[in-house]
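> would you be able to build a 3D model of this:
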Amino acid sequence: MVIDLHTHTRWGSACGYMDPSELVQRAKEVGLDGVCITEHNQLWNEEAIGRLSRKHDFLVIGGVEVSTDCGEVLVFGLHEPVLHVYRAEELRTMAERADGVMIAAHPFRGDRLCADARQGETEEAVAQACARPLFGLVEGVEVCNGRSGVWEQTFTRLVAERLGLVATGGSDAHSVLGVGTCVTAIEGTVRTERDLVRAIRERRVRPLNGVRARFPDSPIFSYGE
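Reported below is the predicted structural model:
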């Protein structure tokens with residue numbers, strides 16, 4: 001299965017430009033098997049997610065992107081308010097209590113370490129990145145992000161591999177044009193949020209730069225795998 005693990009809608013994110021039905025319709029058009037709605041610091045009601053999924057006969061999973069003192073984090077499996085959660089360690093406690101998983105979202109966006117690595121100081125930059133506290137709190141790292149450049153993704157992959165963390169992909173789409181630009185391929189069937197959590201925990205996931213890697217005739221832009 002191929003699922004976009006990172007999207008935003010105008011119903012829950014002030015920076016979003018698409019409504020949930022537009023998101024789902026676009027996900028269908030580009031050949032996805034499912035989509036996760038991960039609003040900023042706000043969780044969708046489980047019943048509302050279920051209604052949206054049934055309305056379109058399409059897999060929709062709820063998650064959240066939380067802004068923390070260590071960076072932004074995608075969380076799946078959590079169903080309690082996070083609006084006033086800022087410390088990543090507190091979020092880790094909440095995720096463990098809910099048997100959820102945490103993924104570091106685009107952890108090197110605009111980061112000086114990417115520039116250092118690009119200028120030939122790769123080993124030192126990767127070592128410094130790996131020492132950051134966030135990576136001791138998460139199960140995985142968003143290696144492929146639709147709003148990240150090729151070098152940022154390359155550096156993120158190096159860090160994830162060095163740390164042995166799960167690698168995922170998500171478009172970080174705020175409008176329909178971005179949906180599916182980066183995705184996660186999952187081995188096995190995902191029907192629920194719990195299925196997704198298990199797949200991540202069991203490392204049955206891998207990031208792709210766009211569904212074109214699976215659907216060559218898809219109209220979306222792709223960097224290539």
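
> now the helix or strand of the chain with the lowest mean pLDDT: buried residues?
The helix or strand of the chain with the poorest confidence is helix 112-118; it has a mean of 86 (mean pLDDT, DSSP states H and E). By 16 or more other C-beta atoms under 10 Å, the buried positions in helix 112-118 come out as 113-114, 116-117. (Each C-beta comes from the backbone N, C-alpha and C, glycine too.)

> do stretch 116-132 as well
So, applying 16+ other C-beta under 10 Å, buried residues of stretch 116-132: 116-117, 125-126, 129, 132.

> return the distance of it from the chain's centre.
Relative to its chain's centre, stretch 116-132 lies at 23 Å (C-alpha atoms, centre = their mean, to the nearest Å).

> for the least confident helix or strand of the chain, packing partners?
Helix 112-118 is packed against helix 122-130, helix 150-163, with contacts defined by 3 or more C-beta pairs under 8 Å, 6 or more residues apart in numbering; DSSP states H and E.

> dump it to PDB, restricted to CA.
What follows is helix 112-118, C-alpha atoms only, in PDB (Å, rounded to 0.1, in the frame of the first residue of the first chain):
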ATOM      1  CA  ARG A 112      22.800  24.800   9.100                       C
ATOM      2  CA  LEU A 113      23.900  21.100   9.300                       C
ATOM      3  CA  CYS A 114      22.600  20.500   5.800                       C
ATOM      4  CA  ALA A 115      24.700  23.400   4.500                       C
ATOM      5  CA  ASP A 116      27.800  22.100   6.400                       C
ATOM      6  CA  ALA A 117      27.300  18.600   4.900                       C
ATOM      7  CA  ARG A 118      26.900  20.000   1.400                       C
END
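
> do you know how far the closest residue to His106 other than its chain neighbours is from Arg112?
Nearest residue to His106, sequence neighbours excluded (C-beta to C-beta, 6 or more residues apart in numbering): Asn145, at 4.4 Å. When C-beta to C-beta, to the nearest Å is applied, the distance between Asn145 and Arg112 equals 18 Å.

> hmm, back to that, nearest to Asn45, of the helices and strands packed on helix 112-118?
With C-beta to C-beta, the closest approach to Asn45 among those belongs to helix 150-163: 31.9 Å.

> in PDB, could you pull the C-alpha coordinates for the next helix or strand after the closest one?
Heading C-terminal from helix 150-163, the first helix or strand you meet, by DSSP states H and E, is strand 166-170. Output in PDB follows, covering the C-alpha atoms of strand 166-170 (Å, rounded to 0.1, in the frame of the first residue of the first chain):
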ATOM      1  CA  VAL A 166      12.400   3.900  10.700                       C
ATOM      2  CA  ALA A 167      12.200   6.100   7.600                       C
ATOM      3  CA  THR A 168       8.900   7.500   6.300                       C
ATOM      4  CA  GLY A 169       7.600   9.800   3.600                       C
ATOM      5  CA  GLY A 170       4.800  12.400   3.500                       C
END
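
> by contact count, what packs against strand 166-170?
Contact here means 3+ C-beta pairs under 8 Å, 6+ apart; on that basis strand 166-170 packs against strand 140-145, helix 150-163, strand 183-186, strand 205-208.

> follow-up on the earlier one: could you save the helices and strands packed on helix 112-118 as a markdown table and add columns showing distance to His8?
Formatted as a markdown table, the helices and strands packed on helix 112-118 follow (distance: least, C-beta to C-beta, whole Å):
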| stretch | distance to His8 |
| --- | --- |
| helix 122-130 | 26 |
| helix 150-163 | 19 |
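
> out of those, which comes closest to Val2?
helix 150-163 (17.5 Å).

> in that closest one, what counts as buried?
So for helix 150-163, counting by 16+ other C-beta under 10 Å, buried means 152-153, 155-156, 158-160, 163.
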